[in-house]
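[1] need a structure here:
(chains A and B)
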Amino acid sequence: MNTATQTVDAGEIAKFEAMAAEWWDPHGKFKPLHMLNPTRLDYITAQIAAEFGRDLKDASPFAGLRLLDIGCGGGLLSEPMARLGADVVGADAAERNIPVARVHAEQSGLEIDYRFTTAEALAEAGEQFDVVLNMEVVEHVADPQGYLTACQQLLKPGGLMICSTINRNPKSFAMAIVGAEYVMRWLPKGTHEWQKFITPDELFALIANAGLTPVDRKGFVFNPITWTWSLSDRDLSVNYVTASTKPA
Amino acid sequence: MAHDADILIVGGGLNGPCLALALSQAGFSTVVLDALSTENRGADAFDGRSYALALASTRLLAALDLWDDLVAQAQPILEITASDGRAGEGPSPFFLHFDHAEIEEGPMGHMIEDRYLRQALLAAMEADPRITHRPGARATAQDTATGASVTLEDGTTLSGRLLVGADGRQSGTAARAGIKRTGWEYGQTALVCAIAHEKPHNGIAHQFFMPPGPLAILPLPGNRSSIVWSETHAAAAKLTAMDDAGYLDHLRPRFGDFLGEIRLEGRRFSYPLGLSLANRFVAPHLALVGDAAHGVHPIAGQGLNLGFRDVAALAEVLTDARRRGEDFAALDVLERYQSWRRFDTAALAAATDAFNRLFSNDNPVLRGARDLGLGVVNALPGIRRRFIREAAGLAGDLPRLLQGRPL
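    A predicted model of the protein is given here:
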């Protein structure tokens, strides 16, 4: 048991373990994230491998890379990245997620530096990373431009940022809010505000303004027949993901 | 956490070793626990057992670097005929004829003797530093709560991240995990033997649908064939009790004299036929492959081929999961394997079951219908080609290893 969990009492740890079990239950409350996760990971791993010349067939392909997972939640992305050998910092602005993620990493036998902090605070402290994962966060922040500028500062020269979010159009309103929140009840009502959604062109402009070079964008497309997600070169109409680099 | 291996495989038959070899290519370490001894598994003499390997299965063996050596000992199946018949009457005028020239991939499959396959798998496991083969090791207890561990008869405990049950239709691994099975008996027993015959078989496999059950004649190298012959339990018990001469006397009239004089090669085997499907193929830290997941009626020789599909699909799911950094033993990862294999298995089990029920009876109305049905299928090249591709294992969403691609 590490020192961070020793500072809280046993009853608290039991509560965190229960919450961790909830985060990691593929059929539970976070089912939509679990369904999307393999496809997100396929994109992230392929982009990192291409950018840093790594071979995913190696045992520890991301060894030596320092990676920041912003909005890490229960660690659904941090843990896979640590398993692939990256040196991972998981940050979340929701304090309750941090001990939950720590408990689960310990159960998984992984070392991950989870912190209750924000991108802006990390940037101010002068932290630097090879990779910043910025997944499903930008649609929740008050000042997207300021936030993306902080992400840019967090990257080492030649670093890579992966950023995913939700497009703004009638279809995304129907799918992400009416579908996911009201019909399927996948997400709590009020999870998303449609006016905060960002189109791919707007996001590329924000990223470029922040001083990064957008290099790729793809859609995450849900197939309601097979209940699986896949990557698409053309369909960015609802969920989509981008890669950008910081000039060396 | 120090483990004995990434993955513990219970079952040293054919699917278990194949899975270990496939996983090794992707960097996983495995322990293969075999209840039988190596002397038992590696016996030299031909014991009369052989398999009809679909084309897709030979691709898996090729991907495991085994096929180049095995192909010299295998007999390609160049044509398949299926016809309706009754003992003493010969085949009906309506019959199905499948010729490998109708699909571009080559022979529909190969017949291979059990001994060659077993020996090749044993040698490959011995040569692989990522595989620990433990012959004569019987699992008696297991725990898959947080990882995977197996306790052997002698009290030794082995640990890993994932436990795979490849231990047959009476899978102890499935039973210990509390996985229930659905199935039924057909009231039939399959009699299996090999024969040597006077005339060449020309690479043709024959399937005769007889009222008591189907009779398959499958070509082996040289003037030899493998016979799979289904009878009611009572008739089978009588035949099993007979000496070889009496057994052959009953076999001869069932397929006429087109192969000339016949005699037995190796031993005679009998297997009661039934369908046995596990209600789940996976649980946390646990997966079932082959007959442990689904024991199907061996009417079309698809049991081993289905098992190889499981092996290729599970190896691919685990490999992809590990390359994206997922916990490969987590339930959501294993469920991808289950949903990939479940439809295929259920469809084939239902089809072989219906096929067998339709053909294994003497009702004159059904006999007329199936003669007509066979004639119709034979007359339509599109449908016939689909049958051939299904028999060759080329239908459906194929794992990479069955397409002849690396993991």
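[2] residues near the closest residue to B:Ala120 other than its chain neighbours, how many?
    Nearest non-adjacent residue to B:Ala120, counting by Cβ to Cβ, 6 or more residues apart in numbering or on different chains: B:Leu66, 5.0 Å away. Using the backbone N, CA and C atoms, a C-beta is placed for each residue, glycine as well. Other residues near B:Leu66 come to 20 when the count uses other Cβ atoms under 10 Å in any protein chain shown.
[3] go on, B:Ala26?
    B:Ala26 has 17 neighbours, counted by other Cβ under 10 Å.
[4] pretty sure it contacts B:Val317?
    No: look at B:Ala26 against B:Val317 with Cβ atoms under 8 Å: they stay out of range, at 10.9 Å.
[5] tell me the secondary structure for the residue in chain B positioned nearest to chain A?
    In chain B, the residue that lies nearest chain A is B:Gly325 (2.8 Å; Cβ to the nearest Cβ). State at B:Gly325, reduced to three classes by DSSP: H, G, I helix; E, B strand; the rest coil: coil.
[6] on that earlier part again, could you list which residues are in contact with the residue nearest to B:Ala120?
    B:21, B:120-121, B:124 (Cβ atoms under 8 Å, 6 or more residues apart in numbering or on different chains).
[7] State the pair within those residues that is farthest apart.
    Spatially, the most separated pair among the contacts of B:Leu66 is B:Leu21 and B:Ala120, at 10.0 Å (Cβ to Cβ).
[8] Please, where are all the strands along chain A?
    Along chain A, the stretches classed as strands by DSSP state E are A:66-70, A:87-92, A:113-116, A:129-135, A:155-166, A:213-223, A:228-232, A:239-245.
[9] Chain B: which of these is closest?
    strand A:228-232 (8.8 Å).
[10] Please state the offset of that closest one from the chain centre?
    In this view, strand A:228-232 has its centroid 17 Å away from the chain centroid, taken as Cα atoms, centre = their mean, to the nearest Å.
[11] Remind me what that strand packs against, helices and strands.
    Counting contacts by 3 or more Cβ pairs under 8 Å, 6 or more residues apart in numbering or on different chains; DSSP states H and E, strand A:228-232 is packed against helix A:31-52, strand A:213-223.
[12] Would you format these as CSV with mean neighbour count and mean pLDDT included?
    Shown next, in CSV, are the helices and strands packed on strand A:228-232 (neighbours: other Cβ atoms under 10 Å in any protein chain shown; pLDDT from 0 to 100):
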stretch, mean neighbour count, mean pLDDT
helix A:31-52, 19, 94
strand A:213-223, 17, 94
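[13] How confident was the prediction at B:Asp68?
    You'll see B:Asp68 listed with a pLDDT of 94.
[14] show me what contacts the nearest residue to B:Gly48 once chain neighbours are set aside?
    Excluding its sequence neighbours, the residue lying closest to B:Gly48 (Cβ to Cβ, 6+ apart) is B:Gly266, at 3.0 Å. Residues counted as contacts of B:Gly266 (Cβ under 8 Å, 6+ apart) are B:45-49, B:193-194.
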